[in-house]
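Engineer: Please find the sequence and the predicted model below.
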Amino acid sequence: MAGTLISVAEQALADNRSTLRTVMQLRGDQVEDGKPVAVAAAADGVFNNPCYKGYHQKSTQVALSVRENETAKKIIIGFGFANKFAAVGAASAYPKSAPIGNAEEWLGGKVAH
């Protein structure tokens, strides 16, 4: 079930990015197939052990969503997840020795397409 859900979510994000590319092309922006497009976006990380002043080092997981700011819909165009307890080699495996507060930067490179 998890594999199916992940596939559906990945396809939905790809569809959202495609929609955004189409909107930008209709606006007259230069959009070339297979090449990245610079967009205004916002990212927000959510930690599993919240702290009201930043993050807490006891946090072990973080989810990062990326929302575009080019259209009125503000659709989600990217998502990443980091987990200090993930299996070594897993896509979400975050180094156990690194502070989880740095995971947003680590994930930023993974969710930007």
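Structural biologist: The structure has been received and is ready for your questions.
Engineer: what are the phi and psi values for residue 101?
Structural biologist: Phi and psi for residue 101, reported as degrees, to the nearest 10, are phi -60, psi -20.
Engineer: can you list the weak-confidence ranges in the protein?
Structural biologist: Regions of the chain meeting the criterion pLDDT under 70 cover residues 1-2, 50-58, 108-113.
Engineer: residue ranges of the helices in it, please?
Structural biologist: With DSSP state H as the definition, the chain shows helices at residue ranges 2-26, 103-111.
Engineer: Can you say which of these is packed in most?
Structural biologist: When the helices of the chain are scored by mean count of other CB atoms under 10 Å, the highest mean neighbour count falls to helix 103-111 (a mean of 17). For every residue, glycine as well, the C-beta is placed using N, CA and C.
Engineer: And the residue nearest the centre of the protein?
Structural biologist: Residue closest to the mean C-alpha point of the chain, counted by CA atoms, centre = their mean, is residue 79 at 2.7 Å.
Engineer: ok, now which ones touch that one?
Structural biologist: Listed by CB atoms under 8 Å, 6 or more residues apart in numbering, the contact set of residue 79 reads 9, 13, 63, 64, 65, 66, 111.
Engineer: Dump those residues into TSV; add distance to residue 96 as well.
Structural biologist: Formatted as TSV, the contacts of residue 79 follow (distance: CB to CB, whole Å):
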residue	distance to residue 96
9	26
13	28
63	18
64	19
65	24
66	25
111	21
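Engineer: Let me know the closest of these to residue 102.
Structural biologist: For the contacts of residue 79, the residue nearest residue 102 by CB to CB is residue 64; the value is 11.9 Å.
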